[in-house]
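Chemist: pasting the sequence and the predicted coordinates here, then a few questions.
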Amino acid sequence: LERAATRYQYPYEAIHSLLYNQLVRHVKKSAHRIRNATYRHVQTYRSGKSIVDLANDLSYPPFQMARIIVENVANNGTLVGKRKSITEAMRDPIGILGVENNGKDAYTLENAPKRIDPFSGKPVSVPVNNAPASGKISRLALEVLDAIDADPFFGPRHDISKGVMGFEHELMLEQSLLAMGIPFETEEQLRMRG
């Protein structure tokens with residue numbers, strides 16, 4: 001995105017926003033098709049195809065594909081329809097998805113596949129702060145991490161940047177209104193009023 005912004009002399013934020021809006025439109029149009037074929041996607045994952053490769057084949061965001069796989073694979077599919085549990089698993093894949101399938105497809109920290117950041121091409125270490133006591137990490141947890149890293153538009157990293165941008169815009173609006181002498185109430189003041 002940075003190269004495109006420089007090349008076309010547009011602000012980075014404008015290009016990011018344009019691409020994000022196009023992607024959201026694409027996801028809305030194709031979500032039903034992807035969801036209707038969930039069983040097939042889960043079988044493809046179970047046969048060994050990575051979540052990121054599956055998402056790329058379907059032109060679907062890796063983070064969104066990982067949510068579908070987690071919902072239908074984690075704890076033998078018991079997370080189906082449990083949005084809060086799925087969200088928690090996506091926020092902390094090592095801690096929550098740790099070891100699945102009774103250790104099948106589990107890696108020790110030493111023999112886990114090498115992870116490469118898709119944007120920088122540099123090796124990425126597996127976060128071990130919430131690793132299971134057994135020291136083994138499931139294939140699913142590692143692939144969810146890869147999907148999060150591979151997706152610049154969806155996932156925890158994007159949620160944080162959206163929150164920060166929203167806060168910055170609120171501050172700018174507040175400062176502008178103060179400078180113009182326009183009375184207003186902040187969100188906090190409205191919340192206190194009920």
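Modeler: Received the coordinates, thanks.
Chemist: residue closest to the middle of the chain?
Modeler: Of all residues in the chain, the one closest to the mean position by C-alpha atoms, centre = their mean is residue 155, 2.1 Å from it.
Chemist: nearest spatial neighbour of residue 61, skipping sequence neighbours?
Modeler: Leaving out its chain neighbours, the residue that sits closest to residue 61 by C-beta to C-beta, 6 or more residues apart in numbering is residue 154, at 4.8 Å. In short, each C-beta sits where N, CA and C put it, glycine included.
Chemist: low-confidence stretches in this protein?
Modeler: Confidence mapping of the chain against pLDDT under 70 gives the ranges 75-81, 99-136.
Chemist: so which strand or helix has the residue nearest to residue 61?
Modeler: Per DSSP states H and E: residue 154 is located in neither a helix nor a strand.
Chemist: what separates it from residue 58, distance-wise?
Modeler: Applying C-beta to C-beta, to the nearest Å, the value for residue 154 to residue 58 is 14 Å.
Chemist: ok so, going back, the residue nearest to residue 61 and residue 194: what is the separation?
Modeler: Residue 154 is 34 Å from residue 194, by C-beta to C-beta.
Chemist: what's the answer for residue 147, then?
Modeler: 41 Å.
Chemist: also residue 184?
Modeler: For residue 184, the distance to residue 194 - C-beta to C-beta - is 18 Å.
Chemist: so what touches stretch 171-187?
Modeler: Here stretch 171-187 makes contact (C-beta atoms under 8 Å, 6 or more residues apart in numbering) with 170, 193.
Chemist: start to end distance for that stretch?
Modeler: One end of stretch 171-187 sits 11 Å from the other (C-alpha to C-alpha, to the nearest Å).
Chemist: out of residue 184 and residue 194, which sits in the busier spot?
Modeler: residue 184 (10 against 4; other C-beta atoms under 10 Å).
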